[in-house]
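Participant: fold the following.
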Amino acid sequence: MTSGFGIGSPAPSIKVQNWPRGDGISNFQLGKIYILEFFSTTCSGCGPALARLAQLQEKYSDMGVEVIGVAAHEQAATADEARAQVDAWVTEWLPNTNMRIGFDFSAEMDKHWMKASLSCSEGVHCRPGRQHRLYR
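Facilitator: Alright, predicted model coming up:
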């Protein structure tokens, strides 16, 4: 999906290079509520925000809530260097959570989610239905 999307649009798939934490996921399961949080290791508020979202996931996991963090804005010379930054950051900020963390050095997730939705400073969330749709 390269054009814009908005509230009620089908959610794009998750395309990351790898999963530093948790099992990989490419599509959403019906009946679950997904919260995607895009972060960067250089963002001062991202660590506390993801830690709070991890608590939310733990509290509401029996209701199908799952938080997925996506590192999609890393500044590094190589993907390996960026992945090492993400690994260290996740170990520091999320040491005891089971949140999935995806790593996207290619910026595909940024293109398909953030830029397409024009929501670079707001969270984009998915909720269940016949198809997963976007909402705020």
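Participant: for this protein, what helix or strand is lowest in average pLDDT?
Facilitator: Across the helices and strands of the chain, mean confidence by mean pLDDT, DSSP states H and E is lowest for strand 124-127: a mean of 42.
Participant: residue 76 against residue 82, yeah?
Facilitator: Yes - Residue 76 lies in contact with residue 82 (C-beta atoms under 8 Å); the separation is 3.7 Å. Every residue, glycine included, has its C-beta placed from N, CA and C.
Participant: neighbour-wise, which of those two wins?
Facilitator: Higher neighbour count among residue 76 and residue 82: residue 82, with 21 against 14, using other C-beta atoms under 10 Å.
Participant: tell me where the protein has strands.
Facilitator: Ranges of strands in the chain, per DSSP state E, are 18-21, 33-39, 65-71, 100-103, 124-127, 133-135.
Participant: and the last one, average pLDDT?
Facilitator: Mean pLDDT, computed over strand 133-135, is 46.
Participant: need the strands of the chain in TSV (columns: distance to residue 89 and mean neighbour count).
Facilitator: Output for the strands of the chain, formatted as TSV (distance: least, C-beta to C-beta, whole Å; neighbours: other C-beta atoms under 10 Å):
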stretch	distance to residue 89	mean neighbour count
strand 18-21	9	16
strand 33-39	8	21
strand 65-71	8	23
strand 100-103	9	24
strand 124-127	21	19
strand 133-135	27	18
